[in-house]
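1. No letters, just coordinates:
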């Protein structure tokens, strides 16, 4: 029996996704067992738990649900949005984590994001075809209705130039997620999160080769608006500019691309709120300490 | 409601930033204005979510006109053009663009029945045939710019008058006195009479050139920030009576000056220079009650 794309609904944490395409893959980690003096074997053994990825492109129609994972996933305090469950045509998993997310900014183009979710479990359920009419009350956002703000303090030298026009770009998020298996587990009881980072590549005007060895503080912010000119989503990358690219080809104009990377993506900051003594009182601790600074 | 007869719909071209303009003797004109709507579908759903824009609005204007020979267009002429040369504004524009070393294009204002836009010449062609009035055609692409729409204005009748700065047609190119350069005739030599080659007679010539432009769009703005001219390809199709079976693998490049004259053999002709053209094909065909006619095509690139 064959089905069409119309028959496989995509849901993430219970939210329906208006995806242009979706792909789910599942992989068992098997290794052939060889004995000494043996070049052939029919025996395979699992070397790790089963896992897979769900990746899809979807249209941005308003506030993007997945952006909360960029700042919230793996941060303290843990959020309910930490773990992702997915359902693709009835095949489902409940231990997914956002590992990559990207948005292409193209002039006059519909806003499309790409998300990739890694999960460390088998797929449950069975494929159940659905028949549903597409919603007609959604507005697919378009980058015609976008505005770019930037802070790139590079105008201080004659070599640095200035940026006036942002032509097109991409917003990328990457996160390392590794499963932690305990003895006897095939489904991890925990995962460990590695570094997360956001970077933006943007094609700009004004070609220049200015790039200090320590990089350059930079911040690019793209507001995405609806047709009523209300900002409904924002993509910001605030970090250092650490790359420039200058390219030209026959029949085309000179394209200058800058790369800004942000390695700090948490939306909560850990700080000392107060110092409490052994009696539960707030105040200075230690002999001779006074004031708020210790 | 606008009911405008054709006599109130002149086609006028004006060079941007200058006072030079010409009302062409157009035989037709068509204006198109398009937006781009794409249906968007989602997996798991039947039918589209809707139709949404996927590209900027673009317009185009094309028209046919008599190949007019007009007074001089000073200051907007192309490289190598001298004050002795005449020609209509489209011919000058094509000459200026193809010989330009600048990349950024400015476009020209095109008006027809009060509808106008800033257009970039995308193609231009004319023909020259024995005993016939020469006709030309031109097409412009209108991208708009910044917040300016590609096409604007409301249809209304316009009287084609002669305004200040307008150049006046002094002749219409005709096949009677128009001659092609002698180097354009196909010549065939044989081993025994190398000094007396067979020389073809040219019956007609069709010239065309097409231009490529590259509008630069940015996010947050529908119309381009600027538009670049990239390159042009030019060709001339010559009808003769001599088949060149010795077409070379790599023909020699040559330049030709085409002079289109009106019915006055002494008046200044419209001049067009094809630079470093190479012949790329030759063909022969015959039909009932006619001689065998051959065609050859030469192309040049800018």
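-> Perfect, I can see it now. A quick note: this is a predicted structure, and the numbers were derived from the prediction, not measured. Residues are numbered from 1 along each chain as shown, chains lettered A, B, ... in the order given.
2. near chain A, which residues of chain B show up?
-> Counting by C-beta under 8 Å from any C-beta of the partner chain, the residues of chain B close to chain A are B:38, B:40-50, B:52-56, B:103, B:212, B:214, B:216-222, B:225, B:228, B:230-231. From N, CA and C alone the C-beta is placed, and that goes for glycine too.
3. Buried subset of these, written for PyMOL?
-> Selection of buried members from the residues of chain B next to chain A for PyMOL, criterion 16 or more other C-beta atoms under 10 Å in any protein chain shown:
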select buried, chain B and resi 40+41+42+43+44+45+49+50+52+53+54+55+56+214+216+217+218+219+220+221+222+225+228
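4. For residue A:137, give its distance to residue B:49.
-> According to C-beta to C-beta, to the nearest Å, residue A:137 stands 9 Å off from residue B:49.
5. ditto for residue A:186
-> Distance of residue A:186 to residue B:49, given as C-beta to C-beta: 40 Å.
6. ok, residue 259 - contacts?
-> Going with chain A. Residue A:259 makes contact with A:199-201, A:241-245 under the criterion C-beta atoms under 8 Å, 6 or more residues apart in numbering or on different chains.
7. hmm, I had chain B in mind actually
-> Residue B:259 touches B:178-179, B:181, B:269-271, counting by C-beta under 8 Å, 6+ apart.
8. Out of those residues, flag the one nearest to residue B:30.
-> residue B:270 (24.7 Å; C-beta to C-beta).
9. from what I can see that closest one touches residue B:87, true?
-> Yes - at 4.0 Å, residue B:270 and residue B:87 qualify as touching, with contact defined as C-beta atoms under 8 Å.
10. Now do the contacts for the closest residue to residue A:181 other than its chain neighbours.
-> Leaving aside its sequence neighbours, residue A:181 sits nearest to residue A:188 (C-beta to C-beta, 6 or more residues apart in numbering or on different chains; 5.1 Å). By C-beta under 8 Å, 6+ apart, the contact set of residue A:188 is A:49, A:95, A:120, A:179-182.
11. The same query, at a cut-off of 7 Å, please.
-> By C-beta atoms under 7 Å, 6 or more residues apart in numbering or on different chains, the contact set of residue A:188 is A:49, A:120, A:179-181.
12. Looking at those residues, which are in strands?
-> A:179-180 (DSSP state E).
13. of the contacts of residue A:188, buried ones?
-> For those, a burial check counting by 16+ other C-beta under 10 Å picks out A:49, A:120, A:179.
14. do you know how far the first one is from residue A:141?
-> Meaning residue A:49. Applying C-beta to C-beta, the value for residue A:49 to residue A:141 is 38 Å.
15. Residue A:167 contacts residue B:218, doesn't it?
-> Yes - the pair residue A:167 / residue B:218 is scored as a contact, 4.5 Å apart, by C-beta atoms under 7 Å.
16. Common neighbours of these two, please.
-> residue A:107.
17. give the contact list for residue A:25.
-> A:52-53.
18. C-terminal to the helix or strand containing it, which secondary structure element comes first?
-> Secondary structure from DSSP states H and E places residue A:25 in strand A:19-27. Next helix or strand after strand A:19-27 toward the C-terminus (DSSP H and E): strand A:30-32.
19. Tell me the helix or strand right after that following strand.
-> That would be, after strand A:30-32 and using DSSP H and E, strand A:44-46.
20. Neighbouring strands - and their directions - for that next one?
-> strand A:30-32 (antiparallel) (DSSP bridges).
21. sorry, back to before: now the residue nearest to residue A:181, what's its secondary structure?
-> coil (DSSP: H, G, I helix; E, B strand; the rest coil).
22. Would you mind measuring from it to chain B?
-> Distance, residue A:188 to chain B, by C-beta to the nearest C-beta, to the nearest Å: 29 Å.
23. So stretch A:96-113, near chain B or not?
-> Yes - residues of stretch A:96-113 are located near chain B by C-beta under 7 Å from any C-beta of the partner chain, namely A:105, A:107-110.
24. in the chain, which helix or strand is least confident?
-> As the question left the chain open, I've gone with chain A. Sorting the helices and strands of chain A by mean pLDDT, DSSP states H and E puts helix A:67-72 at the bottom, at a mean of 83.
25. ah, no, chain B please
-> Least confident helix or strand of chain B, by mean pLDDT, DSSP H and E, is strand B:169-172 with a mean of 79.
26. Check which helix or strand residue A:130 maps to.
-> Counting by DSSP H and E, residue A:130 is found in no helix or strand.
27. Where does pLDDT dip in the chain?
-> Just going to use chain A. Where chain A drops to pLDDT under 70, the residues are A:76-81, A:153-161, A:266-280, A:282-294.
28. wrong chain, I was asking about chain B
-> The model of chain B has pLDDT under 70 over residues B:1, B:71-85, B:161-168, B:191-195.
29. Give me the distance between the closest residue to chain A within the stretch 201-302 of chain B and residue A:201.
-> As assessed by C-beta to the nearest C-beta, chain A sits closest to residue B:217 within the stretch 201-302 of chain B, at 3.6 Å. Separation of residue B:217 from residue A:201 (C-beta to C-beta): 17 Å.
30. just residue B:130 next, same as before
-> In terms of C-beta to C-beta, residue B:130 sits 60 Å off from residue A:201.
31. the more surrounded of the two?
-> Remark: of residue B:130 and residue A:201, residue A:201 carries more neighbours, 20 against 13, as counted by other C-beta atoms under 10 Å in any protein chain shown.
32. Run a quick check on the more buried one versus residue A:257, I expect a contact.
-> Yes - the pair formed by residue A:201 and residue A:257 meets the contact definition of C-beta under 7 Å, at 5.7 Å.
33. what number of residues lie near residue 187?
-> No chain in the question, so chain A it is. Close neighbours of residue A:187, defined as other C-beta under 10 Å, add up to 15.
34. oops, I was thinking of chain B
-> The number of residues packed near residue B:187 is 12, by other C-beta under 10 Å.
35. can you tell me which residues contact it?
-> B:197-199.
36. State the distance from it to chain A.
-> Using C-beta to the nearest C-beta, residue B:187 is found at 35 Å from chain A.
37. what pairs with that residue across the strands?
-> Note on residue B:187: beta-bridge partners by DSSP bridges are residue B:199.
38. Please enumerate the strands of the stretch 101-250 of chain A.
-> Remark: strands assigned in the stretch 101-250 of chain A by DSSP state E, counting those that start in this stretch are A:112-119, A:146-151, A:166-180, A:190-204, A:216-225, A:231-247.
39. That should have said the stretch 51-200 of chain B, apologies.
-> Using DSSP E, counting those that start in this stretch, strands in the stretch 51-200 of chain B cover B:68-70, B:108-112, B:115-129, B:135-142, B:169-172, B:187-188, B:198-199.
40. Which neighbours in the sheet does the fifth one have, and how are they oriented?
-> The one in question is strand B:169-172. Partners of strand B:169-172 in its sheet, by DSSP bridges: strand B:68-70 (antiparallel).
41. For the partner strand, what is the distance to the chain centroid?
-> Strand B:68-70 has its C-alpha centroid displaced from the chain centroid by 14 Å (C-alpha atoms, centre = their mean, to the nearest Å).
42. what's the answer for stretch A:93-109, then?
-> 6 Å.
43. now stretch B:238-258
-> Relative to its chain's centre, stretch B:238-258 lies at 22 Å (C-alpha atoms, centre = their mean).
44. Identify the residues contacting the least confident helix or strand of chain B?
-> So strand B:169-172 is contacted by B:25, B:66-71, B:86, B:133, B:262, B:264, B:267 (C-beta under 7 Å, 6+ apart).
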